[in-house]
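Asks: only geometry, no sequence info:
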């Protein structure tokens with residue numbers, strides 16, 4: 001009787017295959033990091049900003065977890081009906097709401113804003129040299145993914161993966177030098 005053997009899925013995989021996989025992971029992570037830095041840099045230079053909506057005050061237009069992209073605009077160029085992001089000093093955070101009224105007073109622009117799902121309003125003003133974030137677009141629920149990626153646990157895991165990939169590359173370099181001798 002002859003025995004038929006089937007190769008195991010891990011057969012033929014040694015340190016070289018593992019290191020090759022680690023190199024691919026490190027390469028992908030490096031590309032993701034470079035693209036993220038480039039997009040962030042270009043965004044900052046051109047006045048764009050990425051935010052995550054944390055509440056439902058703008059429902060149905062925007063929902064909690066939506067990724068918001070806004071662009072810096074001069075206050076005098078913002079129209080009634082537009083959605084803007086401003087720093088609400090009373091809350092100590094940025095707020096994204098719709099402009100319901102505005103008025104020029106000297107060198108300032110006074111705004112009245114309100115969330116679409118809210119009954120209350122915010123009253124604030126901006127000087128002519130200030131900038132207000134004007135909503136360009138939103139990506140539904142994409143903010144949850146961004147929030148996940150910047151969580152401390154995920155950052156720790158990504159750091160560990162990068163460290164392991166670098167160690168794997170270093171071992172491969174050491175082993176390759178040992179074989180050449």
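Replies: Now that the structure is in, tell me what you want to look at. In this text the structure is predicted, and so the values were computed from the model without any measurement.
Asks: show me what contacts the spatially most central residue of the chain?
Replies: The centroid of the chain falls nearest to residue 146 when counting by Cα atoms, centre = their mean (4.8 Å). The neighbours of residue 146, taking Cβ atoms under 8 Å, 6 or more residues apart in numbering as the test, are 50, 52, 67. All C-beta atoms are positioned from the backbone trio N, CA, C, and that covers glycine.
Asks: Run a quick neighbour tally on the last one.
Replies: What it means is residue 67. Residue 67 has 19 neighbouring residues, counting by other Cβ atoms under 10 Å.
Asks: In the protein, which strand is the longest?
Replies: In the chain, with assignment by DSSP state E, the single longest strand is strand 93-105.
Asks: That strand: which residues count as buried?
Replies: Buried residues in strand 93-105, counted by 16 or more other Cβ atoms under 10 Å: 95-99, 102.
Asks: now these as a markdown table including pLDDT?
Replies: Formatted as a markdown table, the buried residues of strand 93-105 follow (pLDDT from 0 to 100):
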| residue | pLDDT |
| --- | --- |
| 95 | 96 |
| 96 | 97 |
| 97 | 98 |
| 98 | 98 |
| 99 | 98 |
| 102 | 97 |
